[in-house]
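Asks: Sequence isn't available, so here's the structure alone:
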């Protein structure tokens, strides 16, 4: 079974690194890449990926409603893995507000991202 993934990070170099990691697993298909929160919402709604790999600290417009991400994820039936250089309590709380089930350290994505995706999909009750 193929797992579809949307990559959302404002840094091209990180999106490239994530793409390279995910391309190592033949069961994972990248369906899109975006670089801000509004594009993330639009892509979730359009593509309905199984998993969204979401940079927790992308820049956002001043009037952006972060609850829209959780709503889009819920409506699409997607799961969220947030990524950040910080794993402190404020970051964990922000990740939870997006509906994220896993918060990963960006420095460990090479070894932790694929197992996290498979962990999420294994616990899928749909």
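Replies: Sure, I can see it. Note that the coordinates shown come from a computational prediction; the quantities given were computed from them, not determined experimentally. Numbers count the residues shown, from 1 in each chain.
Asks: Just to check, residue 74 is in contact with residue 99?
Replies: Yes - between residue 74 and residue 99 there is a contact at 6.5 Å, judged by C-beta atoms under 8 Å. Backbone N, C-alpha and C define where each C-beta goes, glycine included.
Asks: quick one, which of the two is more surrounded?
Replies: residue 99 (19 against 11; other C-beta atoms under 10 Å).
Asks: for the chain, which spans come out with low pLDDT?
Replies: For the chain, the stretches with pLDDT under 70 are 124-126.
Asks: those helices in it, which residues are they?
Replies: In the chain, helices defined by DSSP state H lie at 12-22, 37-47, 67-76, 89-97, 109-122, listed in chain order.
Asks: got a list of contacts for the second one?
Replies: Spelled out, it's helix 37-47. For helix 37-47, contacts defined as C-beta atoms under 8 Å, 6 or more residues apart in numbering pick out 4, 6, 8, 31-32, 34, 49, 52, 54, 58, 60-61, 64, 66, 68-69, 72-73, 75-76, 78.
Asks: Sort out which residues of it are buried, please.
Replies: 37, 39, 40, 41, 43, 44, 47 (16 or more other C-beta atoms under 10 Å).
Asks: Distance to residue 13 added to these, as a markdown table?
Replies: Below are those laid out as a markdown table (distance: C-beta to C-beta, whole Å):
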| residue | distance to residue 13 |
| --- | --- |
| 37 | 19 |
| 39 | 18 |
| 40 | 18 |
| 41 | 23 |
| 43 | 20 |
| 44 | 23 |
| 47 | 23 |
